[in-house]
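**Student:** What would the 3D arrangement of this be:
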Amino acid sequence: MNYNELINFRWGSEPQGKIKRNNLAKKWMFIKPDVGNLSAAPQVPFSSFNVVPYYGGYPTGFSVYEYCAWGTPKKCTNNKLVGFTHFSFSGAGDLHHFHNYFLIKPSKDKVSVTKEKFSLNGFEIVTPIYSIKTNVNARCAYYKINSKENITIIPGFSGLTTKKYKNKVVKAKIKRNKNYFNIYTDYSFLKLYWTIKIIKGKCINVTTSKIVLSNDIEFIIGFSTSSFKRANNFIALFDNQQANRKWENCLKVFDVMDNNSHYKKLFYTALMFSLKKPYIYDEENIYDFATIWDVYKTLLPLIFLFYKKEAEIITKNMLKLVNQDGLFYHAKLFSSKSPTLSEQAICLMNISLSTAKLYGVKFDYEKAKILQRNEIKYYLKNLHKLDRTTYLLDLSDAIVAYYNAYHIDLGLTVVKKLIDKAFEKDKVYLDKKANYYEGNYSNYSFRVSSSTIYRLENKKKVIKALDDFFGFKGSNTTRFDCPLDNPQPIKQYMERCKRFEGLNNEPDMESMYLYSYFGLSHKQNEVINDVINNSFSLNNNGVPGNDDNGGLSSWLVFNLLGIFPVVGTNKLKIGLPFFNKIKAGNLLVNRHASSKNALTIKKVLLNNKLIKNNEITALDVKKGGTLDIYLK
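**Tutor:** Numbers count the residues shown, from 1 in each chain. Alright, predicted model coming up:
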C-alpha cells in the first residue's frame with residue numbers, strides 16, 4: 001500500500017474558521033483555537049527529531065500563524081519560508097519550549113515556495129532561489145541543496161518568529177576536522193551535540209555563530225544529548241529507508257479493506273499523526289511526554305493495544321518519571337526543564353499504568369504496584385491539596401483502576417465520598433461553583449472512566465443533562481471566529497452555554513459514550529457521526545482544535561474503527577464503525593448496516609458469540625478473531 005498517497009501531510013496546519021457545520025454540530029461550543037497545530041515536518045514514528053520547513057509561526061515553526069488562545073488565529077505579517085530547523089512539536093499548545101534548533105538557510109532572504117512534496121521519510125521543496133531534498137532518520141537527516149546563494153547554518157538558533165515569541169541565538173562551540181564538524185549548543189534548557197558530515201561541496205567560512213557552505217551541497221547532520229561520539233555513530237548508521245520502513249510497520253497494523261477512499265485517507269492520516277509521539281531516548285534518559293492529560297484517554301490505549309514494543313518502552317520509562325515526592329510527572333518535555341502542568345490533572349500516569357497492565361503490556365508490575373500505591377496513598381492523606389474538583393475524579397479513577405489492575409483495595413469506600421464531594425447533590429453535574437481547566441463544569445461532568453459506575457444513580461436526570469449538553473434540545477451556538485485579545489466574552493459565553501466542545505479539546509472527548517450505560521446507542525452514535533463529519537475533514541484545516549500530541553487524532557482512529565477505550569478498565573465500548581471491513585491487529589471488524597444512515601446498535605457478535613452491554617475487552621482485541629457490528 002502506498003501510504004504517501006493516502007496521507008495529507010499538511011493536515012491540521014490551517015484553522016477551520018467559518019466552515020459550515022450541520023445537525024448537532026451547530027449546537028456545540030468551541031472555546032479553544034480551531035486549528036490542529038500540526039506540522040508536516042517528516043520524522044520517524046515515536047520521535048522528536050524532524051526537519052521543519054521553518055516559517056516561524058506558533059507553535060510549530062512550520063505554522064504561519066500568530067499565537068492565539070481564543071478564536072481563530074491570525075496570519076503572521078511575513079509568512080514566507082525562512083529556512084529549515086529541527087525538533088518541532090506537532091500538535092501542541094503553549095508549552096514555552098518551541099525548539100526549532102539549528103537553522104539552515106539556503107538563501108539570505110525569506111522565499112515563497114513554488115513546489116513541495118512531503119512523504120513519510122522526507123520532502124522536496126522548490127523556491128525561486130533553491131531546491132532542497134531531505135531524508136530523515138530518528139537521530140539524523142540527509143540534506144541535498146542546490147541554491148543560487150551560499151548556504152548558511154546558524155547552530156545556536158531556536159524558537160519562533162512571532163509577535164509574542166521571538167527566536168534566540170546562543171553561541172555554539174564548533175570544531176572542524178576535514179569534512180566533519182562537531183558543534184555543541186547549550187540552549188539553557190537542553191544541551192545538544194551536533195555532527196555534520198559533508199558528502200559533497202565545501203565549507204566557505206566558520207565563526208562562533210555560523211557555518212557557511214557552498215551553494216551546491218550534500219551533507220548529513222546527527223545529534224545526541226550526551227556526546228559527539230554518539231552523534232557520529234548515528235551518522236555512520238544513516239539509512240535512507242529507515243523512516244519508510246518504520247512507518248510502514250506501524251501503519252500496516254491496520255488494514256482498511258474498504259472502497260470508501262475518504263474515510264480510508266482520513267484514517268491513515270490520523271493514524272500517522274497519532275504515532276509521532278511520545279518519544280523516549282532510552283539510553284540518554286530524555287523523554288517527551290507532553291502532556292499525559294492530552295494522551296491518556298486515547299493515544300496511550302491505542303499504543304498499549306496495538307504496538308507491543310513501544311508500549312513496553314513507554315511503561316518501563318514511566319516508572320522512571322517520579323519526582324522527589326514520589327509522585328508521577330504530569331508531563332515531561334524534550335528538555336531539562338518541563339512545565340509541571342499540575343492544573344490539568346493528577347494521577348494520570350498512575351491510571352495509564354493500570355490501563356497498560358489490564359491490556360497485558362509487560363513491565364515491572366511489582367515496582368509499578370508500589371509506586372502507584374504510594375502516589376494514591378499520598379493524595380488520600382493530603383486531600384486538602386486537591387484544590388480542583390476534577391482532581392477528586394482523577395483520584396477516584398486511580399483508586400478504581402488500581403483495584404482493577406492489581407485486585408488491591410486502596411480505598412474503594414472513599415471513592416463514593418470523593419464523588420459526593422465533587423458533584424452536586426443529584427450526581428448529575430460537578431460542583432457548579434468550582435474552577436475548571438479549559439472548559440466548565442458540564443465539560444467534565446460526563447467523564448467515562450473507571451469510576452463512572454459510581455455516579456449513575458439518577459438515570460433520568462443524567463440522560464436529560466446529556467441531551468442538553470449535546471444539543472438534542474436547545475438553540476444553536478455562536479462561534480467566535482476572530483482572534484480575541486480579551487478572552488472574557490468567550491469565557492462568559494462558555495459559562496452560559498454549557499455545551500459539548502465538539503473535539504475542539506480533550507475534556508469531554510469521550511462523553512458521548514456515557515449514553516452506552518443507558519442502552520442509548522443511537523444517541524451515542526449520532527454524536528460520533530456528527531463529530532467525524534463536521535469537526536474533521538481531509539483538508540489542511542481538517543482538525544477542529546489543537547491535536548495535543550495525538551490526543552484528537554487517536555480519538556478519530558478509534559472512532560472510525562468503531563471501538564473506544566474506557567481508561568482504567570479493560571473495557572472498550574462499541575461505537576459506530578465507518579468501514580465495512582477493517583483489520584485492526586488480529587481483530588477483523590465488520591460493519592453490517594441496514595441502511596446508510598443506520599446508527600442504532602442492533603447486536604454485536606465476537607467470533608459468532610453475542611456480547612453483552614456493547615463492550616469487549618482489551619484481551620478480546622489482542623487475541624483477535626471477528627467482531628461483527630450490526631446497525632439498524
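**Student:** Give me the buried positions along the helix or strand containing residue 415.
**Tutor:** Using DSSP states H and E, residue 415 maps to helix 412-422. For helix 412-422, burial by neighbour count (16 or more other CB atoms under 10 Å) applies to 414-415, 418-419, 422. Where you see a C-beta, it was placed from the backbone N, CA and C, and this is true even at glycine.
**Student:** Quick one: neighbours of residue 108, just the number.
**Tutor:** The criterion is other CB atoms under 10 Å. On that basis, residue 108 has 10 neighbouring residues.
**Student:** For the closest residue to it other than its chain neighbours, give me its contacts.
**Tutor:** Leaving aside its chain neighbours, residue 108 sits nearest to residue 149 (6.0 Å; criterion: CB to CB, 6 or more residues apart in numbering). Shown in contact with residue 149 (CB atoms under 8 Å, 6 or more residues apart in numbering): 106-108, 129-130, 215.
**Student:** repeat for residue 118
**Tutor:** With CB under 8 Å, 6+ apart, residue 118 has these contacts: 9-10, 40, 42.
**Student:** switch to 6 Å and redo it
**Tutor:** If you count contacts by CB atoms under 6 Å, 6 or more residues apart in numbering, residue 118 has them with 9, 40.
**Student:** Check residue 277 too.
**Tutor:** Residue 277 neighbours (CB under 6 Å, 6+ apart): 549-550.
**Student:** try 8 Å
**Tutor:** 46, 48, 90, 288, 290, 295, 299, 549-550.
**Student:** how about low-confidence regions in the stretch 351-500 of the chain?
**Tutor:** 479-489, 491 (pLDDT under 70).
**Student:** Repeat that for the chain.
**Tutor:** 336-343, 479-489, 491.
**Student:** quick revisit: packing partners of the following helix or strand past the helix holding residue 415?
**Tutor:** Counting by DSSP H and E, the next helix or strand C-terminal to helix 412-422 is helix 441-445. Packed against helix 441-445 by the contact rule (3 or more CB pairs under 8 Å, 6 or more residues apart in numbering; DSSP states H and E) you find helix 389-406, helix 459-470.
**Student:** Summarise which helices and strands the first one is packed against.
**Tutor:** So the one you mean is helix 389-406. Counting by 3+ CB pairs under 8 Å, 6+ apart, helix 389-406 packs on helix 348-358, helix 365-381, helix 412-422, helix 441-445.
**Student:** Show the end-to-end separation of stretch 603-611, please.
**Tutor:** 8 Å (CA to CA, to the nearest Å).
**Student:** List the buried residues for stretch 353-366?
**Tutor:** For stretch 353-366, by 16+ other CB under 10 Å, it's 353-359, 361, 363.
**Student:** I'd like the residues you listed laid out as a markdown table, including distance to residue 540.
**Tutor:** Listed next are those as a markdown table, based on distance: CB to CB, whole Å:
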| residue | distance to residue 540 |
| --- | --- |
| 353 | 37 |
| 354 | 38 |
| 355 | 33 |
| 356 | 35 |
| 357 | 40 |
| 358 | 38 |
| 359 | 34 |
| 361 | 35 |
| 363 | 39 |
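**Student:** follow-up on the earlier one: show me which of the contacts of residue 277 is closest to residue 210.
**Tutor:** Nearest to residue 210 among the contacts of residue 277 is residue 48, at 24.5 Å by CB to CB.
**Student:** these two touch, right, that closest one and residue 279?
**Tutor:** Yes. The pair residue 48 / residue 279 is scored as a contact, 4.5 Å apart, by CB atoms under 8 Å.
**Student:** any shared contact partners between the two?
**Tutor:** 288, 334.
**Student:** neighbours around residue 281, how many?
**Tutor:** With other CB under 10 Å as criterion, residue 281 counts 20.
**Student:** ok, it to residue 312 distance?
**Tutor:** For residue 281, the distance to residue 312 (CB to CB, to the nearest Å) stands at 16 Å.
**Student:** got it, and residue 143?
**Tutor:** Counting by CB to CB, the gap from residue 143 to residue 312 is 34 Å.
**Student:** show me the contacts for the residue nearest to the spatial centre of the chain.
**Tutor:** The chain has residue 550 as the residue nearest its centroid, 1.8 Å off, counting by CA atoms, centre = their mean. Applying CB under 8 Å, 6+ apart to residue 550 gives the contacts 91, 273-277, 294-295, 298-299.
**Student:** Now flag whichever of the contacts of residue 149 is closest to residue 187.
**Tutor:** Distances from residue 187 to the contacts of residue 149, taken by CB to CB, are shortest for residue 106, at 23.1 Å.
**Student:** Next, the contact list for the closest one, please.
**Tutor:** Contacts of residue 106 (CB under 8 Å, 6+ apart): 83-84, 129-130, 132, 145, 147, 149, 151.
**Student:** Point out the most buried one among the helices and strands packed on helix 441-445.
**Tutor:** Scoring those by mean neighbour count under mean count of other CB atoms under 10 Å gives helix 389-406 as the most buried, with a mean of 25.
**Student:** That one to helix 348-358, inter-axis angle?
**Tutor:** 30 degrees (axes from the mean of the first three to the mean of the last three CA atoms, to 10 degrees).
**Student:** For residue 307, grab the count of nearby residues.
**Tutor:** 20.
**Student:** Quick check: it touching residue 250?
**Tutor:** Yes. Under the criterion of CB under 8 Å, residue 307 makes contact with residue 250 at 7.0 Å.
**Student:** shared neighbours of the two, which are they?
**Tutor:** residue 275.
**Student:** So the residue nearest to residue 12 when sequence neighbours are not counted: helix, strand or coil?
**Tutor:** Sequence neighbours aside, residue 36 is the residue nearest to residue 12 in space, at 2.4 Å (criterion: CB to CB, 6+ apart). Secondary structure state of residue 36, per DSSP: H, G, I helix; E, B strand; the rest coil, is coil.
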